[in-house]
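Peer 1: compute the structure for the input listed below.
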Amino acid sequence: MGKFSKAKLSAAAGALALAAIAAPAGVQAQDTAAPAAENLTWARVAMTRFHAGKRDRGLEIIKNYFAKADAASGVDSGAHGIHMETGQWDVIYIFPMKGGPGDMAKRGTPEDAKWMEQMIKLAGSKEAAEKIIAEFDSLIAMTVTEVGHAHSDH
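Peer 2: Predicted structure coming up:
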């Protein structure tokens, strides 16, 4: 999938145009020194629970619109989802942050515009694309988004 913002994946899952990325509320510094940036990869993790009976439609919209718009945009975001079988979440999406934590300050990027252009093509019009995004948003009971990093050596 693409570099999702709230319209992209409503959160996905922020998600796809799903549009603003902010640090989660209540985030506290884990340590006083930031790790060396060259040894890290950053990602946004969006955990989503749909309203009862709405999971299938939500996943259908992701598959038939959001993921296709992402692939057609040529951005190669590297986003991927995990459909949960247990626990409180229906789906968890990982959105790589190629620009590191600085990605959180970006809004309305060229990548977002490319994604939306493809979404409009798939839906048939800007109004139809906005309607699909709004429907997706209405299916979500709760989304929690976290930001984290991985070290190259573990």
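Peer 1: centre of the chain to stretch 100-115, how far?
Peer 2: 11 Å (C-alpha atoms, centre = their mean, to the nearest Å).
Peer 1: mind starting the numbering at 22 from now?
Peer 2: With the count now opening at 22, the last piece we talked about shows up as stretch 121-136.
Peer 1: with just CA atoms, put it into CSV.
Peer 2: Presented in CSV, the C-alpha positions along stretch 121-136 are these (Å, rounded to 0.1, in the frame of the first residue of the first chain):
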residue,chain,number,x,y,z
GLY,A,121,12.4,8.8,9.5
PRO,A,122,10.5,10.8,12.3
GLY,A,123,10.5,13.8,10.0
ASP,A,124,7.7,12.2,8.0
MET,A,125,5.4,13.0,10.9
ALA,A,126,5.6,16.7,10.0
LYS,A,127,4.7,16.2,6.3
ARG,A,128,1.2,16.9,5.1
GLY,A,129,0.0,16.9,1.5
THR,A,130,3.1,15.4,0.1
PRO,A,131,3.6,14.7,-3.6
GLU,A,132,3.2,11.0,-2.7
ASP,A,133,-0.2,11.7,-1.1
ALA,A,134,-1.3,13.6,-4.3
LYS,A,135,-0.2,10.7,-6.5
TRP,A,136,-2.2,8.3,-4.3
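Peer 1: what are the buried residues along it?
Peer 2: For stretch 121-136, the neighbour count (16 or more other C-beta atoms under 10 Å) marks 122, 124-125, 127, 132-133, 135-136 as buried. Every residue, glycine included, has its C-beta placed from N, CA and C.
Peer 1: and Thr130, backbone torsions?
Peer 2: phi -70, psi 160 (degrees, to the nearest 10).
Peer 1: whoops, Ala100 was the one
Peer 2: Here Ala100 shows phi and psi, under degrees, to the nearest 10, equal to phi -70, psi 140.
Peer 1: considering only helices and strands, which part of this structure has the lowest mean pLDDT?
Peer 2: Every helix and strand of the chain was ranked by mean pLDDT, DSSP states H and E. The lowest is helix 27-30, at a mean of 40.
Peer 1: noted, bye for now.
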